[in-house]
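*Asks:* turn this into a structure:
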Amino acid sequence: MKFRFKLIWVLAALLLMSQGAFAQDRRDVKIADEVGRVLNRYPRLTIFDDINASVENGAVAITGKVTMPYKRDDLEKRITAIDGVRSVRNDISVLRVSQFDDELRYRVARAIYGNSSFWNYAAMANPPIHIIVDGGRVTLAGVVNSNVERVLARSLATGLGEFSVTNELKIDAETRTE
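*Replies:* Numbering: from 1, shown residues only. Here you go, the predicted model:
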């Protein structure tokens, strides 16, 4: 009889702990959704910036690269103001100021978004292909619909005066499984 009584208490304690973890997970999902809205609605982010965020137990970590320092600080302030956020770790780096990099950004953007295969992306309010240029090195980040588009984007970004091209584009199906 004592064994059953203890077993019931242990099971009840485990159930309460799992409900607490489930509630925290729900809060994290809600916070992540709000962080996503803040990032998508931030008017100064361009295709030349790339920001990622993660949430764990109310702590938000933001990473990526931006072209201007005020964007880094402004995003941190906006995310800190979200209800439920306990802390923000801001690991966003600011890209160096370089006329060469600026010109290369625009050449790559024209090559990709000027191609008829990417016109549907170019017409979006927040185009999904981000072009990060740092010291003449191009990184393509974001999401495309197919592997063909991923390969085509890399091909279009090559031969424009860059030192290297890194293709970090993901296929839409890959992002759904993450």
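
*Asks:* and the residue nearest to the spatial centre of the chain, how far from Asn90?
*Replies:* In the chain, the residue lying closest to the centroid (Cα atoms, centre = their mean) is Asn52, at 2.6 Å. Using Cβ to Cβ, to the nearest Å, Asn52 is found at 12 Å from Asn90. The C-beta positions use only the backbone N, C-alpha and C, and glycine is treated the same way.

*Asks:* shared neighbours, the two?
*Replies:* Counting by Cβ atoms under 8 Å, 6 or more residues apart in numbering, the shared contacts of Asn52 and Asn90 are Ile62.

*Asks:* mind checking how far the residue nearest to the centre of the chain is from Asp74?
*Replies:* Counting by Cβ to Cβ - Asn52 and Asp74 are separated by 17 Å.

*Asks:* Ile79 contacts Val88, correct?
*Replies:* Yes. At 5.3 Å, Ile79 counts as touching Val88 under the criterion of Cβ atoms under 8 Å.

*Asks:* what is in contact with the two at once?
*Replies:* Joint contacts of Ile79 and Val88 (Cβ under 8 Å, 6+ apart) are Val60, Ile62.

*Asks:* so where's this protein uncertain?
*Replies:* Counting by pLDDT under 70, the chain shows low-confidence ranges at 1-24, 176-178.

*Asks:* let's see it at 80
*Replies:* Confidence mapping of the chain against pLDDT under 80 gives the ranges 1-26, 173-178.

*Asks:* how about the helices in it?
*Replies:* 2-41, 69-80, 99-113, 119-122, 147-156, 172-177 (DSSP state H).

*Asks:* of all the ones you listed, which lies closest to Glu162?
*Replies:* Nearest to Glu162, of all these, is helix 99-113, at 6.0 Å by Cβ to Cβ.

*Asks:* got the angle between the closest one and helix 147-156?
*Replies:* Compare the direction of helix 99-113 with that of helix 147-156 by axes from the mean of the first three to the mean of the last three Cα atoms, to 10 degrees and you get 140 degrees.

*Asks:* just the CA coordinates of helix 99-113, formatted as PDB?
*Replies:* Output in PDB follows, covering the C-alpha atoms of helix 99-113 (Å, rounded to 0.1, in the frame of the first residue of the first chain):
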ATOM      1  CA  GLN A  99      32.600  51.000 -51.500                       C
ATOM      2  CA  PHE A 100      33.800  47.800 -53.200                       C
ATOM      3  CA  ASP A 101      31.500  45.700 -51.100                       C
ATOM      4  CA  ASP A 102      28.600  48.100 -51.700                       C
ATOM      5  CA  GLU A 103      29.100  47.900 -55.500                       C
ATOM      6  CA  LEU A 104      29.400  44.100 -55.400                       C
ATOM      7  CA  ARG A 105      26.200  43.800 -53.300                       C
ATOM      8  CA  TYR A 106      24.300  45.700 -56.000                       C
ATOM      9  CA  ARG A 107      25.800  43.800 -58.900                       C
ATOM     10  CA  VAL A 108      24.900  40.500 -57.200                       C
ATOM     11  CA  ALA A 109      21.400  41.700 -56.400                       C
ATOM     12  CA  ARG A 110      20.800  42.900 -60.000                       C
ATOM     13  CA  ALA A 111      22.100  39.600 -61.400                       C
ATOM     14  CA  ILE A 112      19.800  37.500 -59.100                       C
ATOM     15  CA  TYR A 113      16.700  39.500 -58.800                       C
END
